[in-house]
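>>> sequence below, structure please.
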Amino acid sequence: MIGVIVDLLRAARGRTGVLLLLGALPVAAAVAGPAYVAAAERAVVATEVAAAAPSETVLGIRPVGDDPTETGNTFERLGGTQFATPGFDLIFGAAFAAAPRDIDLSWQLSYRDDVCAHVTLDAGRCPTGRGEVMIGFQSAAQLGAGVGDAVSVRQSEFQTVDGAAQLVRIGGAASLSIVGVYRPTDPTAPYWGPVSPFPPGLFTDPKVRAASTIDGVGVEPIYGSRATAGLFDLEVPEAQSYDLVADPAQLTVDWVDRYPAELARMQAKADELDANLVQGTDGLIERIGQSRAAVRSLVPWLAMTVVPLCWFVIFLAAASGAEARRTELGQVAVRGLPVPYRWWLAAGPDAVAVLAGAPLGFLAGQYVGVFAVPGGHGDLGLGGNLLRFALVAVAGAGLAVALAYRSVVTGRAIDLLRKVSRQSGAWRSATVDAMVLALAAFAVVEARGATGPARGGLAILAPALVILAGALLVGRLLAPAARRAGLRALAAGRLAGALAGIELSRRSAPRRAVTLAVLGVALLCFTVLAVDAGDTARAGRAASELGAARVLDVNLVSGGALRAAVREADPEGTWAMAAVAIPMTGSGPPTVAVDTDRFAAVAPDGTVPADLLARLRPPVAPSITITGDRIEIDATVAMPSFDPVRGRFREGSEPELRAVVQPPGETERTVALGDVQLGRHRYTNSLPNCDAGCRLVAVEIEPVPSTLQLTVHEIRQAAPDQVVADGAVLGDQSRWRGSTQDNVTATAPKLTTAAGAITVEMAASDAPQRLTVADVPEVVPVLRTESATARETDTGWAVASPGHTEPVPATAVGALPTVTGLGASGLLADLGYLDRAAPMGAGAFPQVWLGPDAPADAVARLAKVNLIVLRATAASDLADYADRSGAALAARYELVTAAFAALLVLLGLGLVGSVERTGRAARGRVLRTQGVAAATLRAAGRRMSVWPTLVGVLVGPLLAVAAWAVAGRATPVFLDDDWPVALPVLPDPVTLALVWAACLLLLAARTLIGQRRRAPF
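Now for the predicted structure:
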C-alpha cells in the first residue's frame, strides 16, 4: 500500500508540491502567533524603556526612622548589601545644607558614589581627600572662587522668622578646599536619582538661575568625598539615600516578570531599616503591562482567523482531488477493498503531502512571527508551547483531509462511478454555511455593543467571520447567476459564453474557487484598510494631544512677552504660534491659551472650525497704550454723602487713586497717584518702563468709604507729552466698563458719559473699584471638550492663569470631542484675551507651536528674540511611539494573517484550477467529437478560468467595506478607551482604491499567464 501511495505522489508532483505548501501553512500560522507575541513583548519593553523618563528607571530608598542619626548609620552600613539587585546600579548619596560666611546663599554639600564619571571638569580634578570639594561652574561665579581657593562654610537651614523664611547658620565652621570646577555631563540622566538636582533650564535660562539665587539656594550641589562630612558636627542629620538606577540593557521581559517579587523583597528590607521605598518605575511597569496584555489577548484571537482558514483551504483542495478521483475510487470500491484501506488509498497521498510540510511550516512560522515585529529579533528555538500549537495545526490539517475524502470513501460505488453526489452532502454544506452566518451575526452584535478598546473575544473575529460568511454566500449565488448568464448567452448565440456559464453552474470546483477568491481579496483589503485606519487614528491623536507638528517648551516668560516674541520671530504668522499650557487645577480641567490669530496656520487642518475660533476672539474696544514715563489723570471726585468739614477719613484708610498698567510681556503694575481730593484735580506719578508701550488696564480707587463719583476728563502722558484718552475716547461708553475686585460687592460701578468725560459711581467698599478699559471680554470665551471633567464646570466657568491669584470668569462658546493641544479633556482660550483678563506671570508651561511649514532655522530665529528651547516634541515621534504600543503591534499581526490568506488563496486556486482543467480536458474531447470548434472550447475555458477570480476581485473589496462598516470598531487601535473619536464608518477611499488596483493587476497578470497556456475545456 505504501508503494501505491508513493506512486500516486510521483504521478501528481505538482499537486503534491502545492499540498506540501498547504500543509506548511497551518503549522506556520499556528507557530507564528506565539512567536509574534514573544517578539512583540520584547519590542514593547525596549520601546517603553527607551521612552521612559529618567525618574521611571530609578528606585529610591530614603531613611525615615525616629532617630535619623542612628537610622542613617545603619542605613548606610547595611543598605549596600540589602538593596542590591540584578539589573540595577546601587548608588549611595548623602547631603546637607551648608552656607559660607560672607554670602547669604545655601548649597547642598553632597556625596554621591561615582559622581566623577558623570561630570565634566572645566578645571582641576575630582575630590578625593578629606575637606576637598568640587563646585559647579555657575556656583564658582556665585562664590567668586575657583580651583585652589578655600571657603569656610557652616551647616545651615531655613527657619521662619517674622513669617518669612530666613537662612540661619548652625554648628561649627569647616574650611573646604576647592579642587575642581564641574558641569554635569547629562543633567537629566537617571544617575542623578528620581529628581535631578539640576532643574530644567538651569544652564540655558538666566531666569532659572536668578530664581534659585532669589530663593537663597545655590544653583548646583557642591560634591566632596565621604570623609568631608566628618568635618562637621551636624546638628541637623544629613539626608541619605540609596538609588537603584536601572541598566536599560538589562530591562527585559524577564526583568519585568521578576519585578513584583523583587519589589516586595526590597520593600521588606526597607521596612526593616525604617526606610521609604520610592517606586519610580511604577508608571513604566504599568505601561509595559498594558501593552503586553493587549498583545497577549489580541494576537491569539487574530491567529485563530488564519489556522481554521488554512484547514478550510486544505479541505477545499483535498475535496477537489476527491472529486477528480471519484471514478477511480469507485472502481476500488467495486473490487471490495476494505474501508480502512480505501481511506488510506484515497486520503493517504494528500495526508502524506500535508504532513510532510509541517516541519517546514514550524521553522517558517518562527521566522515570520519574530521578524514581522518591527525590529524584532529573538531565539528561534523549539519551544514547548510552539510544539503544542504545531501539533494542533497538524491534527486539524489531517482531519480536514480525512473529511474531504469522506464522501468518496463511504459513498456507494454506483454513485461514484456515475459521478452523482448524494443530497446529504449538500444539506451538510448548507448547514455549515448557516452556522457561519449565525456566528458572524453574533460576532457583529458583540463587536458593535462592546465598549472600550478591543481585547479579544468573539468581537475581534467579527470582521473575518463577516467576510467568510459573505464569501460563502457569493459562492452559493454563483450557480444560479452562472446558469442565468449561460442561458442568455445561448439565446444570443454566444456558444462560448453559454458553455462557460452552464459548466460553472454545474460544477462544485468553480464555487470553491469563487469562495476562495472573494475570501482572499476581502481579507487583504480589510486588513490594509484596518492597519491604515489605525495608523491614521494614532497619528491624529498624537497631533491633537500635542497641538502642532512640533511643540517647543521654552524658557520661563510671561504670556504677553511670549506672544510678542513669537510674533517678532515670525512676523508673517505662517509657521509659529505662542501658547501657554496651564495644568489642571482642583477647580477645572487643563487649559491651553493660544494666539488664535495664528491657530489655523499652525495647528492640524480642520481641528477647530473657523467659526469657533472667531468666537474665542470676539471684537472688543481698542487698547489704550502709554509710551511715556509719567501718567497724568484729570479727574473730578464727588462724595455726596460725605461732609469734608465735619467728617474725616480714618487714619490709614484714605481713598487712593491709582492707575493700573501692564508693561509689555509683564503682569499688571499699580501706580499710586495720591489720595483722592474732592473736586477737580490732576493726579500724576512716574510709570514703570513703558518705552515699548504699556497697556492702560484701569483707573481704580481703594477703599471707597461712601458713595463716590469719579469723573475722568482726560488722561495724558509725559515724555513724550501726549493725550492718550481725550474726550472722544472718554465719551464713548462702549470703551469702558465698571468692575470690582472683590467677591462681596453685589453690583459693579455704574457708568455715565457727558461732555467728553466719563463718570463712574462707586458704592462703599473696602475692595478696589475700577474704571476698566473694555479691551477684553468681561467673561473670557473658551472652547471646551465634551469630557465629563469639562462638563462639570458648565454652571460656573473659571479659567486659572499662572501668576494670577483669582481665576477669571469664562463662558463656553462651543464643545468638541477633542481640542487641539489638549486631547479629550480641557479648555482652549485666546492667549491675548486671557493675558489681559488675568495677566500671566512667569509660570505654567510657555510653548511655541511650529507648523509643518516651519523653517529649518526656526530654533535659531526664536533664540534671536530670547526664547530658549528647553525641549522639543514632534507629533511624528509621538505617533511612532504609539505605533509601537501593544495595540498597534497586535493590529499589525493582521498583516501577517492577510499574507497567509493571500498565499492560501493563490495555492488553493491553483490546485482547484489544475484539478478542474484535467476534468475539463476530458469533457472537451467529448464536445469536439460532437462538432464544437476548438476555438470555442478555448474561449469557454478562458472564461471559466477568469470569471471566478474576477468575481473575487470585484466583490472582495465591497465585502471588505461592508465588514468595516458593521464591525470595524473591533479593530484594535489604542490601549485605553479615553479617546472619544471613533474610527470612520467608511474606510479611506484612496487606500481602498490602491488595494483594489493591486488586485486588478494580479487579475491581469493571471489572465496573461492563462492566455499563454492553452486553456482546455
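
>>> quick check: which element contains residue 959?
In this assignment (DSSP states H and E), residue 959 forms part of helix 934-967.

>>> next: residue 810.
Per DSSP H and E: residue 810 is located in strand 808-816.

>>> tell me which other helices or strands that strand touches.
Secondary-structure packing of strand 808-816 (3 or more Cβ pairs under 8 Å, 6 or more residues apart in numbering; DSSP states H and E): helix 610-616, strand 780-785, strand 798-799. Backbone N, C-alpha and C define where each C-beta goes, glycine included.

>>> list the buried residues in the helix or strand just after the second one.
What that stands for is strand 780-785. Downstream of strand 780-785, the next assigned helix or strand under DSSP H and E is helix 788-791. Buried positions in helix 788-791, judged by neighbour count with 16 or more other Cβ atoms under 10 Å: 789, 790.

>>> contacts for helix 788-791?
Contacts with helix 788-791, where a contact means Cβ atoms under 8 Å, 6 or more residues apart in numbering, come from 584, 588, 589, 784, 815, 825, 826, 827.

>>> in CSV: these, plus pLDDT and secondary structure.
Rendered in CSV, the data for the contacts of helix 788-791 read as follows (pLDDT from 0 to 100; DSSP: H, G, I helix; E, B strand; the rest coil):
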residue, pLDDT, secondary structure
584, 72, coil
588, 66, strand
589, 78, coil
784, 87, strand
815, 89, strand
825, 85, coil
826, 86, coil
827, 87, strand
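
>>> can you list those in JSON lines and add neighbour count and distance to residue 251?
Listed next are the contacts of helix 788-791 as JSON lines, based on neighbours: other Cβ atoms under 10 Å; distance: Cβ to Cβ, whole Å:
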{"residue": "584", "neighbour count": "13", "distance to residue 251": "31"}
{"residue": "588", "neighbour count": "23", "distance to residue 251": "38"}
{"residue": "589", "neighbour count": "21", "distance to residue 251": "34"}
{"residue": "784", "neighbour count": "28", "distance to residue 251": "40"}
{"residue": "815", "neighbour count": "15", "distance to residue 251": "42"}
{"residue": "825", "neighbour count": "20", "distance to residue 251": "31"}
{"residue": "826", "neighbour count": "26", "distance to residue 251": "33"}
{"residue": "827", "neighbour count": "26", "distance to residue 251": "38"}
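
>>> just put those in TSV and tack on distance to residue 878.
Shown next, in TSV, are these (distance: Cβ to Cβ, whole Å):
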residue	distance to residue 878
584	20
588	25
589	21
784	23
815	25
825	17
826	17
827	22
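
>>> which pair in these has the greatest spatial separation?
Spatial extent of the contacts of helix 788-791 (Cβ to Cβ) is set by the pair 584 and 815 at 17.7 Å.

>>> pull up the pairing partners for the biggest strand by length in the chain, direction included.
Identified as the longest strand of the chain according to DSSP state E is strand 164-184. Strand 164-184 has the following sheet partners, assigned by DSSP bridges: strand 119-124 (antiparallel), strand 132-136 (parallel), strand 150-161 (antiparallel).

>>> could you give me the buried positions within that strand?
The neighbour-count check on strand 164-184 (16+ other Cβ under 10 Å) flags 167, 169, 171, 174, 176, 177, 178, 179, 180, 181, 182, 184 as buried.

>>> now, which of these sits nearest residue 450?
Using Cβ to Cβ, residue 184 comes nearest to residue 450 of these, at 49.9 Å.

>>> pretty sure the closest one is touching residue 199, no?
No: Residue 184 lies out of contact with residue 199 (Cβ atoms under 8 Å); the separation is 11.8 Å.

>>> and stretch 125-136, average pLDDT?
For stretch 125-136, the mean per-residue pLDDT is 93.

>>> residues of that stretch that come out buried?
Neighbour-count burial for stretch 125-136, with 16+ other Cβ under 10 Å as criterion, is recorded at 126, 127, 131, 132, 133, 134, 135, 136.

>>> coming back round to it: which elements pack onto the very next helix or strand once past the strand holding residue 810?
Using DSSP H and E, the next helix or strand after strand 808-816 towards the C-terminus is strand 827-830. The helices and strands touching strand 827-830, judged by 3+ Cβ pairs under 8 Å, 6+ apart, are strand 591-594, helix 610-616, strand 780-785.

>>> what about 6 Å?
Judged by 3 or more Cβ pairs under 6 Å, 6 or more residues apart in numbering; DSSP states H and E, strand 827-830 is in contact with strand 591-594, strand 780-785.

>>> kindly export it (C-alpha atoms) in CSV.
Below are the C-alpha coordinates for strand 827-830, written out as CSV (Å, rounded to 0.1, in the frame of the first residue of the first chain):
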residue,chain,number,x,y,z
LEU,A,827,-10.3,74.2,27.7
LEU,A,828,-8.9,76.4,24.8
ALA,A,829,-8.7,80.2,25.3
ASP,A,830,-7.2,83.1,23.4
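
>>> dump the C-alpha coordinates for the helix or strand following that strand into PDB.
Counting by DSSP H and E, the next helix or strand C-terminal to strand 827-830 is helix 831-837. Provided in PDB are the C-alpha atoms of helix 831-837 (Å, rounded to 0.1, in the frame of the first residue of the first chain):
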ATOM      1  CA  LEU A 831      -3.800  84.000  24.800                       C
ATOM      2  CA  GLY A 832      -4.200  87.700  24.300                       C
ATOM      3  CA  TYR A 833      -7.600  88.000  25.900                       C
ATOM      4  CA  LEU A 834      -6.700  85.700  28.900                       C
ATOM      5  CA  ASP A 835      -3.400  87.600  29.400                       C
ATOM      6  CA  ARG A 836      -5.400  90.900  29.500                       C
ATOM      7  CA  ALA A 837      -8.100  89.500  31.800                       C
END
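
>>> any buried residues in helix 831-837, and which?
Applying a neighbour-count criterion of 16+ other Cβ under 10 Å, one finds 831, 832, 833, 834, 835, 836, 837 buried in helix 831-837.

>>> contacting residues around stretch 818-831?
By Cβ atoms under 6 Å, 6 or more residues apart in numbering, the residues outside stretch 818-831 that reach it are 544-545, 547, 559, 563, 578, 589-596, 603, 607, 616-617, 780, 782-785, 787, 789, 799, 978, 980-981.

>>> repeat that for stretch 715-722.
With Cβ under 6 Å, 6+ apart as the test, stretch 715-722 has contacts from 626, 628, 629, 630, 631, 632, 633, 723, 724, 725.

>>> what's the closest non-adjacent residue to residue 19?
Closest residue to residue 19 apart from its sequence neighbours, by Cβ to Cβ, 6 or more residues apart in numbering: residue 353 at 3.7 Å.

>>> isn't the one you found up against residue 22?
No: Residue 353 is beyond contact range of residue 22, at 8.1 Å (criterion: Cβ atoms under 6 Å).

>>> residue 198 in helix, strand or coil?
Under DSSP: H, G, I helix; E, B strand; the rest coil, the three-state class of residue 198 is coil.
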